[in-house]
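> Predicted coordinates and the sequence they were generated for:
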Amino acid sequence: MTPDASLRKLRAQAPLVHCITNYVAMNIAANVTLAAGASPAMIHAPEEVADFVPLAGALTINIGTLSAPWVAAMHRAAETAMAHGVPWVLDPVAHFATPYRASVAQALLAQRPAILRGNASEIMALAGGTGAGKGADSGDSVADAEASAIALARRAGSVVAITGPVDFVTDGGRHITLQGGAEIMPKVTALGCSLTALIGAYAAIAPAFEATAAALLHFAEAGERAARSCEGPGSFSAGFLDQLHNLQPEDLKAERLTWH
Amino acid sequence: MTPDASLRKLRAQAPLVHCITNYVAMNIAANVTLAAGASPAMIHAPEEVADFVPLAGALTINIGTLSAPWVAAMHRAAETAMAHGVPWVLDPVAHFATPYRASVAQALLAQRPAILRGNASEIMALAGGTGAGKGADSGDSVADAEASAIALARRAGSVVAITGPVDFVTDGGRHITLQGGAEIMPKVTALGCSLTALIGAYAAIAPAFEATAAALLHFAEAGERAARSCEGPGSFSAGFLDQLHNLQPEDLKAERLTWH
Amino acid sequence: MTPDASLRKLRAQAPLVHCITNYVAMNIAANVTLAAGASPAMIHAPEEVADFVPLAGALTINIGTLSAPWVAAMHRAAETAMAHGVPWVLDPVAHFATPYRASVAQALLAQRPAILRGNASEIMALAGGTGAGKGADSGDSVADAEASAIALARRAGSVVAITGPVDFVTDGGRHITLQGGAEIMPKVTALGCSLTALIGAYAAIAPAFEATAAALLHFAEAGERAARSCEGPGSFSAGFLDQLHNLQPEDLKAERLTWH
């Protein structure tokens, strides 16, 4: 499915996306997903995730602000997603920073997400390497992490996306890169987490690889347009949501994706 | 009390509103309430809600992102509100989506909120019907839900508000409708939850029915004005807070409310 | 270190700031810190705070939305900070409002924060006096609280900052005041909490007293500039983040600080 067809389908179906994400990202991730055309739902209680996941078109799990009850809900949600054929996306935020976080990320990875998204440092560390990440920020370049992403995709059977100044997507066999977005984006908190939610939205209506490519393209295109008229990270955020909402399917040009 | 008199009183008193709301809504609901003229406080620990509720002019409870400790705090807060004569507002977000959520909503309803606010699907389901809601979004029209709202108002002894493209408010005897707001509003997350907080602010200084009408009018008027100059959901959000803050009492015209 | 030198160092090092803050503030505090030039990380699980604190340049603890597991994490984080020489900042939000909140604030104060920031009512109550605070809002003037701040600074061995229309900073011996900011600022939720996070960012690269002064100056200057072109609290927020990001070291003029 081409990116423009994916966006057309996303807008037509407004799929329900179940997001378990962190407290910092919750509002902006919901706004990003909603502006793009989907219907986000943030639900995390162990008592109800297994009832909600089957209603959703996709599930996203982000480990940004962990705690024990949420970890239990994440595992139950991922298990339910697998059982019901609901595609799920993992975002292993800063998993290399503490042993607790690292063990949660590895345990979730073993539950076979359809898609894995992280920055270069996160992907390198998840593949077993050591990167230069600091907190939620990457200290490594996307190019440095490509081999890790491919290895990880093959081992986990997932589509893996590294996002940064250049995005790289692989399913272990096919690889694409996408140059774009805007320099100001890392100055707005939780945009990566929001991108994970948007990937979930597309995964509800398209195959994992195509869904990831379409989400990255939608995000990058909106980012570039918003950056043109912003005056800093605050006005960028507002303009970015406007652009995510106003972009039309024909604005997502497949030729911006470079195949390798 | 007329809407303009209510806003005048709200601004003069800046009432303290105790909000137990969801993680997605917490920041925007606080900003909406603060911009309008009240003083919101987000407090949810079972250890302290019973001490805080009596200090507040009103309490609002929203079940958007439930978990067991929060449910305990909600019940304790509602109980304290009843004991101290503090009016409280219930927002049963997507309660039809899971059994856990449904049981919490019914248990809270039994604690006799002064005001109940939901979208059409939420009100229909709470009254015992079945709607077409999906996640946090309504799949039903406000007109379809009017009979449910009236029945619910009579049974629960509450003012019931259904909000959507047309808002409907009833106390079981009197009914009003209000047409207004803006098409872009459902594209901003947690605005309904924020409206619940604003209803709480007005409930602190006016009787339940009048408070609800004034809050809906303030919200709709600000939404319309913000929509005129926005370019999408991001710029709308910023403009909406500006308008909530800048609106003057005389801008809330009682003749916009249609009595039935 | 002069304020301009502090900002230069902040931008050059982008220090990692570990923030344990409330749900309302989490997104805006991260955006403020990021826009200013630091790298915020919001981490609160008791299982990992002790592993993360030593990686950070500073820790900030804000008690806005308490619960028992978070209180445990706050104590563990503060203890780790002391053990590793990581400066930490305490923000005792509305601690006077409930016995639970008051006891947590006093227990944290006993763990010797390097810096303590609050509004006038919070500082007066922490020093043992009684103020006129309501919820998260101060009911007292900064001038009324100066003696409390000085006494508290001497007793606790902390730098104490009272913020409001005029800011006052003392280490018990030296005192400075700073007039500035904008009238609209109290109409935006969690700006005080965000200032605490920014003080943490500066505390990672400068001594406590100088760090506090630089953060207040950066905040006030950005607030004034943003207020000039805003139309209400919504557009102010966006413009404020823009200005925090765009301000240059030479814009932080030490002569705006009045020494007493």
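Yep, that arrived.

> Residues of the stretch 1-150 of chain A that sit close to chain B?
A:14, A:16, A:23, A:26-27, A:30-31, A:34-35, A:39-45, A:47-48, A:51-52, A:55-56, A:69 (C-beta under 8 Å from any C-beta of the partner chain). C-beta here means a position set from N, CA and C on the backbone, and glycine is covered the same way.

> Name every sheet partner of the helix or strand where residue A:160 lies and say whether each one runs parallel or antiparallel.
For residue A:160, the element it lies in under DSSP states H and E is strand A:159-162. Strand A:159-162 has its sheet partners listed here by DSSP bridges as strand A:115-118 (parallel), strand A:166-170 (antiparallel).

> export those strands to TSV and tack on mean neighbour count and mean pLDDT?
TSV is the format used below for the strands paired with strand A:159-162 (neighbours: other C-beta atoms under 10 Å in any protein chain shown; pLDDT from 0 to 100):
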stretch	mean neighbour count	mean pLDDT
strand A:115-118	29	98
strand A:166-170	24	97
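
> could the ones you listed be laid out in TSV, adding distance to residue C:184?
Below are the strands paired with strand A:159-162 laid out as TSV (distance: least, C-beta to C-beta, whole Å):
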stretch	distance to residue C:184
strand A:115-118	38
strand A:166-170	38
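
> among those strands, which is nearest residue C:75?
strand A:115-118 (31.6 Å; C-beta to C-beta).

> Any chance you could list what contacts the helix or strand just after that closest one?
Proceeding N to C from strand A:115-118, the next assigned helix or strand is helix A:120-126, under DSSP H and E. For helix A:120-126, contacts defined as C-beta atoms under 8 Å, 6 or more residues apart in numbering or on different chains pick out A:92-96, A:102, A:105-106, A:109, A:116, A:118, A:130-133, A:137-142, A:144-145, A:148-149, A:152, A:160, A:162, A:164.

> could you give the mean pLDDT of helix A:120-126?
The average pLDDT for helix A:120-126 rounds to 94.

> centroid residue for chain A?
Nearest to the geometric centre of chain A sits residue A:196, at 1.8 Å (C-alpha atoms, centre = their mean).

> wait, that residue sits on residue A:117?
Yes - using C-beta atoms under 8 Å, residue A:196 is in contact with residue A:117, at 5.1 Å.

> overlap in contacts of these two?
Joint contacts of residue A:196 and residue A:117 (C-beta under 8 Å, 6+ apart) are A:89, A:91.

> quick one on the thing from earlier: let me see the contact set for the residue nearest to the centre of chain A.
A:21, A:29, A:60, A:62, A:89, A:91, A:117.

> With adjacent residues omitted, what lies nearest to it?
residue A:91 (4.0 Å; C-beta to C-beta, 6 or more residues apart in numbering or on different chains).

> is that neighbour in a bridge, and if so with what?
residue A:62.

> thinking again about what came up before, quick one: average confidence on the strand holding residue A:160?
98.

> Of the strands paired with strand A:159-162, give the one that comes closest to residue B:237.
Of all the strands paired with strand A:159-162, strand A:115-118 sits nearest to residue B:237, with 25.7 Å by C-beta to C-beta.

> Pull the residues that contact that closest one.
A:87-93, A:109, A:123, A:126, A:152-153, A:156, A:158-163, A:192, A:195-196, A:199, A:203, A:208, A:211-212.

> Surely residue A:68 and residue C:45 touch.
Yes - in this structure, residue A:68 is within contact of residue C:45 by C-beta under 8 Å, at 7.2 Å.

> coming back round to it: out of the residues of the stretch 1-150 of chain A next to chain B, which are close to chain C?
A:23, A:26-27.

> circling back to that earlier point, gap between the residue nearest to the centre of chain A and residue C:45?
20 Å (C-beta to C-beta, to the nearest Å).

> picking that back up, format the CA atom coordinates belonging to the strand holding residue A:160 as PDB.
Backbone C-alpha positions of strand A:159-162 (Å, rounded to 0.1, in the frame of the first residue of the first chain) are rendered in PDB as follows:
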ATOM      1  CA  VAL A 159       9.900  -4.200  11.400                       C
ATOM      2  CA  VAL A 160      12.500  -1.900  13.100                       C
ATOM      3  CA  ALA A 161      12.500   1.900  12.600                       C
ATOM      4  CA  ILE A 162      15.300   4.100  13.800                       C
END
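
> low-scoring stretches of the stretch 101-250 of chain A, by residue?
The model of the stretch 101-250 of chain A has pLDDT under 70 over residues A:131.

> try it again with 90
A:128-144 (pLDDT under 90).

> need the residues of it near chain C, please.
A:101, A:134-137, A:187-190, A:230-235, A:237-238.

> run the last query once more with 7 Å
Residues of the stretch 101-250 of chain A lying near chain C by C-beta under 7 Å from any C-beta of the partner chain: A:101, A:134-137, A:187-190, A:231-235, A:237-238.

> Could you tell me which of these belong to helices?
Among these, the ones falling in helices (DSSP state H) are A:101, A:233-235, A:237-238.

> Most widely separated two among the residues you listed?
Largest separation among these by C-beta to C-beta: A:101 and A:235, giving 33.0 Å.

> Let me have the contacts of residue A:196 in TSV, extended by distance to residue B:252.
Shown next, in TSV, are the contacts of residue A:196 (distance: C-beta to C-beta, whole Å):
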residue	distance to residue B:252
A:21	37
A:29	34
A:60	41
A:62	41
A:89	44
A:91	44
A:117	46
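
> Which single one of the residues you listed is nearest to residue A:6?
Nearest to residue A:6 among the contacts of residue A:196, with distances taken as C-beta to C-beta, is residue A:89, at 15.0 Å.

> Surely that closest one is in a strand?
Yes - membership of residue A:89 in a strand is supported by DSSP: H, G, I helix; E, B strand; the rest coil.

> and the gap between it and chain C?
21 Å (C-beta to the nearest C-beta, to the nearest Å).

> Can you report how many residues neighbour that residue?
By other C-beta atoms under 10 Å in any protein chain shown, the residues close to residue A:89 number 33.

> so who does it touch?
A:58, A:60, A:113-115, A:117, A:196, A:199-200, A:203 (C-beta atoms under 7 Å, 6 or more residues apart in numbering or on different chains).

> try residue A:240
Contacts for residue A:240 (C-beta under 7 Å, 6+ apart) come out as A:222-223, A:226, B:234.

> Including distance to residue B:2 and neighbour count, could these go into CSV?
CSV is the format used below for the contacts of residue A:240 (distance: C-beta to C-beta, whole Å; neighbours: other C-beta atoms under 10 Å in any protein chain shown):
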residue, distance to residue B:2, neighbour count
A:222, 44, 29
A:223, 47, 24
A:226, 42, 24
B:234, 34, 27
